[in-house]
Every structure is written in structure tokens, then in C-alpha cells.
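Engineer: turn this into a model:
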Amino acid sequence: MAYIVLLGGVFGASIYAGAVVAPTIFHSETLLGGEILSNYQEGLIMTVNFQKLGFIVNFMVFFVLFYEAIKWKNFESDRWVLMASFLVISSGLLFSSFYIPDIVQMQLQGEAITSSETFKNVHFASELDFKLFAFSTLALLILNLKKALR
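Structural biologist: Predicted coordinates for the structure are as follows:
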């Protein structure tokens, strides 16, 4: 049951970060009545949020790895769970260990780099990867819920 709660919690946090936190931060001028922060400064705030979410993602990735490995070893797993687990693990690690550090490194180079095509491409790829992570987490959650309810 703790595993299902963890999957649901991380899925919820992922959706909240992408659907609520990011749009709020990147459109702060509508809340504050004018542009107080630049897009670069808003990006720095959002990066801190995703760095903190990355810690939770890493915890869940390792939990999924061990839990699903034990289930597989005990012949309690199927190919769909293995595929969803692989996607959760690979996209989660890619997000937290590649994209976040790469974006932070680019941001440390200053505001000019964040308007470059390279930054935009890395940022877009990180968004796609994070969406893959969220949807594969949801798939793994549903598959495990179906097994738990049998």
C-alpha cells in the first residue's frame, strides 16, 4: 500500500509542478500587477522547484527499482509492469541526473544563454521527458492498483 501511495504522491506532485506551479511562476506579472521578475529570474525560481522535486523523483526511482525487482524475482510481475517500471526509472533518472544539472549549468552562464537555441532545445526535451515520467508513473500506479484490488 505504501508503494501505491508513493506512486500517487509523486504523480500528483509532478502534475502540480507542471500544471500549477510553472504557469503561475512564468506568468507572475498577472498576479503581481506588472512585470517584477524577468523570464530568466522566473526560470531560476522554477529550476529550484524542479531540483527539489528531483530528490523525490530519485527516491521513487530507487524504490520502484527495488520493489519491482523483488516482484519480478518472485514471478509476480508482467511485461506491462516491467515496461512502465523501465520508463519510470529511465525518464526519472534522465530528468533528475541529466536535464536538471544541464539546465542549471546553462543558467549559471547567465541570462543570454537561456535565449539560445541550445537552451530552448534542452528545455523542450526536459519537458517531454518529464511528461513521459508522469504518464509512466500513472501507468505503473494503475497497474499496481489493479493487482492490489484483485
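Engineer: any idea which helix or strand comes after the worst-scoring helix or strand of the chain on mean pLDDT?
Structural biologist: In the chain, no helix or strand scores lower on mean pLDDT, DSSP states H and E than helix 28-32, which sits at a mean of 85. If you walk from helix 28-32 toward the C-terminus, the next helix or strand you reach (DSSP states H and E) is helix 39-73.
Engineer: buried ones in that following helix?
Structural biologist: Buried positions in helix 39-73, judged by neighbour count with 16 or more other CB atoms under 10 Å: 42-44, 46, 50, 53-54, 56-57, 60-61, 64-65, 67-68, 71. To be clear about C-beta, it is placed using only N, CA and C from the backbone, and glycine gets the same treatment.
Engineer: for the residue positioned nearest the centre of the chain, which residues are in contact?
Structural biologist: Among the residues of the chain, Phe130 comes closest to the average C-alpha position under CA atoms, centre = their mean, at 4.4 Å. When contacts are counted by CB atoms under 8 Å, 6 or more residues apart in numbering, Phe130 is found next to Ser14, Gly18, Ser91, Phe95, Tyr99.
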